[in-house]
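Trainee: Predicted model, plus sequence, below.
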Amino acid sequence: MYMKDYLMLVIAAILLAFDFALSKLYQKRAGTSLKAGFFFNALLGFFTALIFWGMNGFAFHVSPFSLAMAVMISVIGMSYSFFGFRILKSGSMALYTLFLMVGGMVIPYVWGLLFLDEPFSILRTVGLALLIFAVACSNLPQKGHRIGRTVLLMCITVFFLNGFVSVFSKLHQIEATQPTVNTTEFVLLTGIIKFFLAGIAYTVLSLRDRKSGKEEVLKPRLLQVLPLIVLSTVLSGGSYLLQLTGAANLPATLLYPFITGGSIIFSAIVGVIAFREKLSRNLILSIALCFIGTLLLL
């Protein structure tokens, strides 16, 4: 791997960390309801499609395989986004990113070994075990810091959902038998699908609220949350583009460990600085173990 590849992945991890911070800030202003989540995802998809359409010279192509992969990634991505809103409400950025990113690494790592004939290594196996142990350590009993059962279940769900997003992204980038769109068009396609799916869901909920006479929650805060969504689009879209570019050339056993370790560390730093989050000893231990495990996987 060349130095520019390392730099590309470091930038992707930093962008992810700041994007997580924007998600936490958004839920502080708009709430953590399903409606707030659909609103966020609909506009995120719209701005993603608009930006990457311009990056692609306002051209757009689609293939059946790319469409199927984009639908699965969009649906799974929106699902873990909603769980993430609730986790960020009750827990810290470090906790959320620990489960999210370790799942995004462990699942594709195992998938690569089982189905993509990627090389096996004893050190990488030890690193994988450390990552799993790091996640378990985050819920060890500690006075005043134990994770609630509901939050823990949501974290585990996020672990697996983000893992399969990574798997489907990798499968699209290495597909050699079916026609596929280029990387920029694939991000554009996922944005379009996310906009329509989340937009339909938001419309249904709005009609339900109007019928029941409930007050519209988001209107008074629209000008406050819109810049956050636009900035989140730039950060998440840029990070995803860099990851997809890396997935085309690098094995999953190298790409996702780098992204995971970097985003967990940077997110913990951003959470402490921006939101004055206090990290428990268990969580600090988990992050340290995750960092060591990530180094062994490289």
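Mentor: Thanks, I have the structure now. What you see is a predicted model; the values in this text were computed from it and never measured. Numbers count the residues shown, from 1 in each chain.
Trainee: in the top helix by length along the chain, what's buried?
Mentor: Of all the segments assigned as helix in the chain under DSSP state H, the longest by residue count is helix 183-212. Buried residues in helix 183-212, counted by 16 or more other C-beta atoms under 10 Å: 183-195, 197-199, 201-202, 205-206. (Glycine included, C-beta is placed from N, CA and C.)
Trainee: For Thr97, the count of nearby residues, please.
Mentor: 29 (other C-beta atoms under 10 Å).
Trainee: Following the strand or helix carrying it in sequence, what is the next regular element?
Mentor: Following DSSP states H and E, one finds Thr97 within helix 93-115. Next in sequence after helix 93-115, counting helices and strands by DSSP H and E, comes helix 122-137.
Trainee: counting contacts, what elements does that following helix pack onto?
Mentor: helix 93-115, helix 252-275, helix 281-297 (3 or more C-beta pairs under 8 Å, 6 or more residues apart in numbering; DSSP states H and E).
Trainee: If you rank every helix and strand of the protein by mean pLDDT, what lands last?
Mentor: Least confident element among the helices and strands of the chain, by mean pLDDT, DSSP states H and E: helix 252-275 (a mean of 74).
Trainee: now it, how far from the centre of its chain.
Mentor: 11 Å (C-alpha atoms, centre = their mean, to the nearest Å).
Trainee: got the CA coordinates for it in CSV?
Mentor: Extracted C-alpha coordinates of helix 252-275, given in CSV (Å, rounded to 0.1, in the frame of the first residue of the first chain):
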residue,chain,number,x,y,z
ALA,A,252,-11.2,-6.2,3.2
THR,A,253,-8.8,-7.6,5.8
LEU,A,254,-6.7,-4.4,5.4
LEU,A,255,-9.2,-1.7,4.5
TYR,A,256,-11.8,-2.0,7.3
PRO,A,257,-9.3,-2.4,10.2
PHE,A,258,-7.7,0.9,9.3
ILE,A,259,-11.1,2.7,9.0
THR,A,260,-12.3,1.1,12.2
GLY,A,261,-9.4,1.9,14.4
GLY,A,262,-9.1,5.4,13.1
SER,A,263,-12.8,6.3,13.4
ILE,A,264,-13.1,4.9,17.0
ILE,A,265,-10.1,6.9,18.2
PHE,A,266,-11.1,10.1,16.5
SER,A,267,-14.7,9.8,17.6
ALA,A,268,-13.7,9.4,21.2
ILE,A,269,-11.6,12.5,21.0
VAL,A,270,-14.3,14.5,19.2
GLY,A,271,-16.9,13.3,21.8
VAL,A,272,-14.8,14.4,24.7
ILE,A,273,-13.9,17.8,23.2
ALA,A,274,-17.2,18.7,21.6
PHE,A,275,-19.7,17.2,24.0
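Trainee: rewinding a little: now do the helix or strand just after the longest helix of the chain and helix 252-275, the angle between them.
Mentor: Next along the chain after helix 183-212, taking DSSP H and E as the criterion, comes helix 222-249. Using axes from the mean of the first three to the mean of the last three C-alpha atoms, to 10 degrees, the inter-axis angle of helix 222-249 relative to helix 252-275 is 160 degrees.
Trainee: For helix 222-249, buried residues please.
Mentor: Buried-residue list, helix 222-249, by 16+ other C-beta under 10 Å: 225, 228-229, 232-247.
Trainee: helices and strands around it, which ones?
Mentor: helix 3-30, helix 34-55, helix 149-174, helix 183-212, helix 252-275.
Trainee: what is the mean pLDDT for the shortest one?
Mentor: Just to be clear, that refers to helix 34-55. The average of the pLDDT scores along helix 34-55 is 89.
Trainee: and it, what does it pack onto?
Mentor: For helix 34-55, the packing partners by 3+ C-beta pairs under 8 Å, 6+ apart are helix 3-30, helix 64-90, helix 183-212, helix 222-249.
Trainee: quick one on the thing from earlier: next, the angle helix 64-90 makes with the longest helix of the chain.
Mentor: 60 degrees.
Trainee: and helix 183-212, what does it pack onto?
Mentor: helix 34-55, helix 64-90, helix 222-249.
Trainee: Tell me which of the helices and strands packed on helix 34-55 lies nearest to Gly127.
Mentor: helix 3-30 (16.8 Å; C-beta to C-beta).
Trainee: Give the other helices and strands that the closest one contacts.
Mentor: helix 34-55, helix 64-90, helix 93-115, helix 222-249, helix 252-275.
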